[in-house]
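Engineer: have a look at this prediction, sequence included:
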Protein chains: 2
Amino acid sequence: MKIICNQKLLAHKIGITQKAINSKTTLDLLKGILLSAKDDQLKLTGYDLEIGIETYTQAEVIEEGDIVVNARLFGDIIRKLPDSFVEIESDSENNIYINCLNSRFKIKGDSAKEYPRLPEVNDNDLYNIPQDLLKNMIKQTVFAISQDQTKPILMGELLEINDGNISLVAIDGYRLAVRSCNVENIRNNTKLIIPGKTLNDVNSLLSSEEEVKIGFDDKNAIFIIEDTKIITRLLEGEFIDYKKLLPREHNSRVKLNTKDLLNSIERASLLSQSEKNNLIKLSIRDNTMAITSNTDRGNVYEEISLELEGDYLDIAFNSRYFLEGLKNIDSEEIFIEFTTNINPCIIKPADGVKYTYLLLPVRISSNI
Amino acid sequence: MKIICNQKLLAHKIGITQKAINSKTTLDLLKGILLSAKDDQLKLTGYDLEIGIETYTQAEVIEEGDIVVNARLFGDIIRKLPDSFVEIESDSENNIYINCLNSRFKIKGDSAKEYPRLPEVNDNDLYNIPQDLLKNMIKQTVFAISQDQTKPILMGELLEINDGNISLVAIDGYRLAVRSCNVENIRNNTKLIIPGKTLNDVNSLLSSEEEVKIGFDDKNAIFIIEDTKIITRLLEGEFIDYKKLLPREHNSRVKLNTKDLLNSIERASLLSQSEKNNLIKLSIRDNTMAITSNTDRGNVYEEISLELEGDYLDIAFNSRYFLEGLKNIDSEEIFIEFTTNINPCIIKPADGVKYTYLLLPVRISSNI
């Protein structure tokens, strides 16, 4: 293999490919990027056997070929080279020569023959979503994915296509986040479970208002963002029937300013931060909500104004879970719907975005 | 005590005071900030028994008094409050009440009676240095302080006042950094050893072109930056006679571009990063220097142009120590003076700044 390409563009593409490389793998070959030079392009592939990324950079291909190069070392070298043209050449003993102006590297590569093949996903039947919309959908749900390795299904998100909607759903046993959007030309209803890591990787590659293309089969899904393909294994199993968890009715509904509530809960949680459940108590009355916390270190009283429809209520929450939901809502105002102080509440943006954040309360004695 | 003050200004002053607080101390009182309200001012004091910081913020003092409040909790609360006026009040049981708009905190404080007194340093006899100059002097030397707890003296810097000059000197056994400047009205020659932590704290408070005032006695030094005083215990003992370590003559002297050399050494050190001594080799010839490194992972050859006076030379260094020196030189070009490949070399900026960075080579076999 022998190519000449642009340093800046190559460095950028290495950064993308590295997202699919697990530096903790014990297989040396999987610590590498597969470089494949053909047809005026250099293809870069990273693969950790769960997620694979393929991307391209323009190159002058002097000699076609493939070689595997340690991703971290190759990335470090290319990023430190001057902004100029880089010549990369491999020989029959898998040595790799990198030349750029007055810099000459010779490093050891690996044969491409043993490099595992990425699964093929049918990419003829694809859905289009604007990148910024998908980015928002992932951001508003991915933080609610379970970190509990004994429930691997919940370490992914449900992607549900149903009646013209695409929804992303995350549940961790304490809260549930659902974000939906309309997508044109939806043909079949379906359900997939996508690993959380894949969604974080996809999210980090979404940056423009262009469209991202999504496709899938029984075992795998593919995300195509410009000239980058992300192929991921799907999680197998049955996701929780989340719709059964959403309350059908409510006894109290409040409308309040998102930022005011966020700031008040942040302050109220300062005293309980060192404790296990970050307990804060909300007391909802006619025009105000009092947020209080009482710990060994002292106590705090916060008050914010609201519009109430329905009953007064005293209810307690883990402030961390409450804050994580609020931080991911862009709407200036929100609705919160409560039934009783032992049932989950639901937070929704007031701006009409299809987002639902369900949160379990913490049980406390009734005389708070 | 009862005061009203501005949230933003108070938060800023708490941040300054916290630099003198060691959160790992086992003495609860020293985790606190001493608040003293008097004469339209709130004084904030932090002290870890080595370094003390006193600073002030304007306040409406409704009732004079003193109280100690946990620095981290107090800082977290004040920083999270809205940009408005904050009322702070303490009662006879050392409870502290913090009120700001719709937020009310009650936290436990400590009596100020047991709070240790900071040493008094005569601040009538002070030297003035521009803040940006002192900042530069600290930046160019402090990284060369020893981290070796068995040599406590070398965990500080020598501050030497001699013949109209102030110098800062740091040594760690592998390299030596000296930065000097002229100061007007110098009365007495003297030598002090200032703890490295103090210099880092002082450095973080230097931000303008105003002057900083420096004073000292046998046991302590004081730095006055606007309305903030930093009082530090001096290290006791004899500093190494660093002037004896500086070579008097050289056999080779090269002049080269600082940034080019820095970039080349950074690249050359990528292959040796995982090894113990980060070895790079320099080969100095008529118009070029070759920088090479040869490890299990591969090898690298870098070439940069230079102007040579004197002999050819092959010499090896720990690249980390070389880079740390180069990164702190602002001059576009530098001189490097060598005697032999087993003697220290000296790096100096070509722009006339009084800075000397001495670096020990690594011994290698002669036929590199």
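Structural biologist: Perfect, I can see it now. Numbers count the residues shown, from 1 in each chain, chains lettered A, B, ... in the order given.
Engineer: bridging residues for the residue of the stretch 251-368 of chain A found nearest chain B?
Structural biologist: Here the residue of the stretch 251-368 of chain A nearest chain B is residue A:298; by C-beta to the nearest C-beta that distance is 3.4 Å. Placement of C-beta: from N, CA and C, glycine included. Beta bridges link residue A:298 to residue A:295, residue B:107, judged by DSSP bridges.
Engineer: measure it to residue A:268 for me?
Structural biologist: Here residue A:298 is placed at a distance of 12 Å from residue A:268 (C-beta to C-beta, to the nearest Å).
Engineer: same deal with residue A:90?
Structural biologist: 60 Å.
Engineer: between the two, which has more neighbouring residues?
Structural biologist: When residue A:90 and residue A:268 are compared on other C-beta atoms under 10 Å in any protein chain shown, the one with more neighbours turns out to be residue A:268, at 27 against 23.
Engineer: which residues does that one contact?
Structural biologist: For residue A:268, the contacting residues are A:280, A:291-293, A:300, A:302, A:319, by C-beta atoms under 8 Å, 6 or more residues apart in numbering or on different chains.
Engineer: do you know how far the nearest residue to residue A:121 once chain neighbours are set aside is from chain B?
Structural biologist: Closest residue in space to residue A:121, ignoring its immediate chain neighbours: residue A:222 at 4.2 Å, by C-beta to C-beta, 6 or more residues apart in numbering or on different chains. Taking C-beta to the nearest C-beta, to the nearest Å as the measure, residue A:222 falls 34 Å from chain B.
Engineer: just to be sure, residue A:222 is in a strand?
Structural biologist: Yes - using DSSP: H, G, I helix; E, B strand; the rest coil, the assignment for residue A:222 is a strand.
Engineer: report pLDDT for the residue of the stretch 1-150 of chain A found nearest chain B.
Structural biologist: The stretch 1-150 of chain A approaches chain B most closely through residue A:107 (3.3 Å), counting by C-beta to the nearest C-beta. The per-residue pLDDT reported for residue A:107 equals 97.
Engineer: my guess is it contacts residue A:95. True?
Structural biologist: Yes - here residue A:107 lies in contact with residue A:95, judged by C-beta atoms under 8 Å, at a distance of 7.5 Å.
Engineer: so which of the contacts of residue A:268 also contact chain B?
Structural biologist: With C-beta under 8 Å from any C-beta of the partner chain as the criterion, the members of the contacts of residue A:268 in contact with chain B are A:300, A:302.
Engineer: dump the contacts of residue A:268 to CSV, plus distance to residue A:337 and pLDDT.
Structural biologist: Below are the contacts of residue A:268 laid out as CSV (distance: C-beta to C-beta, whole Å; pLDDT from 0 to 100):
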residue, distance to residue A:337, pLDDT
A:280, 18, 95
A:291, 18, 97
A:292, 22, 96
A:293, 23, 95
A:300, 26, 97
A:302, 21, 98
A:319, 19, 95
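Engineer: just send the contacts of residue A:268 back as JSON lines, with neighbour count too.
Structural biologist: What follows is those, written out as JSON lines (neighbours: other C-beta atoms under 10 Å in any protein chain shown):
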{"residue": "A:280", "neighbour count": "26"}
{"residue": "A:291", "neighbour count": "24"}
{"residue": "A:292", "neighbour count": "20"}
{"residue": "A:293", "neighbour count": "26"}
{"residue": "A:300", "neighbour count": "25"}
{"residue": "A:302", "neighbour count": "24"}
{"residue": "A:319", "neighbour count": "22"}
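Engineer: ok so, going back, OK, contacts around the residue of the stretch 1-150 of chain A closest to chain B?
Structural biologist: For residue A:107, the contacting residues are A:69-70, A:73-74, A:77, A:95-96, A:98, B:271, B:297-298, by C-beta under 8 Å, 6+ apart.
Engineer: spatially nearest residue to the residue nearest the centre of chain A, not counting backbone neighbours?
Structural biologist: In chain A, the residue lying closest to the centroid (C-alpha atoms, centre = their mean) is residue A:200, at 2.9 Å. Taking C-beta to C-beta, 6+ apart as the measure, residue A:200 lies nearest to residue A:142, with 6.3 Å between them; neighbours along the chain are not counted.
Engineer: what do you get for residue A:333?
Structural biologist: In space, not counting the residues next to it along the chain, residue A:333 is nearest to residue A:350; the distance is 4.0 Å by C-beta to C-beta, 6+ apart.
Engineer: ok, the one you found - contacts?
Structural biologist: A:255, A:331-335.
Engineer: for those, pick the one with the most neighbours.
Structural biologist: With neighbours taken as other C-beta under 10 Å, the top of the contacts of residue A:350 is residue A:334, carrying 22 neighbours.
Engineer: quick one, strands of the stretch 51-200 of chain A?
Structural biologist: A:51-58, A:60-63, A:65-70, A:85-90, A:95-100, A:103-108, A:127-130, A:156-162, A:165-171, A:175-182, A:190-195 (DSSP state E, counting those that start in this stretch).
Engineer: name the element residue A:325 belongs to?
Structural biologist: helix A:319-327 (DSSP states H and E).
Engineer: can I get that helix as PDB, trimmed to CA atoms?
Structural biologist: The C-alpha atoms that make up helix A:319-327 are tabulated as PDB, following Å, rounded to 0.1, in the frame of the first residue of the first chain:
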ATOM      1  CA  SER A 319     -32.600  15.300  43.300                       C
ATOM      2  CA  ARG A 320     -30.000  13.800  41.000                       C
ATOM      3  CA  TYR A 321     -32.600  12.000  38.900                       C
ATOM      4  CA  PHE A 322     -34.800  15.100  38.900                       C
ATOM      5  CA  LEU A 323     -32.000  17.400  37.800                       C
ATOM      6  CA  GLU A 324     -30.800  15.100  35.000                       C
ATOM      7  CA  GLY A 325     -34.200  15.200  33.500                       C
ATOM      8  CA  LEU A 326     -34.600  19.000  33.800                       C
ATOM      9  CA  LYS A 327     -31.100  19.600  32.300                       C
END
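Engineer: that one versus strand A:175-182: what angle between them?
Structural biologist: When axes from the mean of the first three to the mean of the last three C-alpha atoms, to 10 degrees is applied, the directions of helix A:319-327 and strand A:175-182 differ by 10 degrees.
Engineer: which elements pack onto helix A:319-327?
Structural biologist: Packed against helix A:319-327, as judged by 3 or more C-beta pairs under 8 Å, 6 or more residues apart in numbering or on different chains; DSSP states H and E, are the following elements: strand A:175-182, helix A:258-268, strand A:279-284, strand A:355-359.
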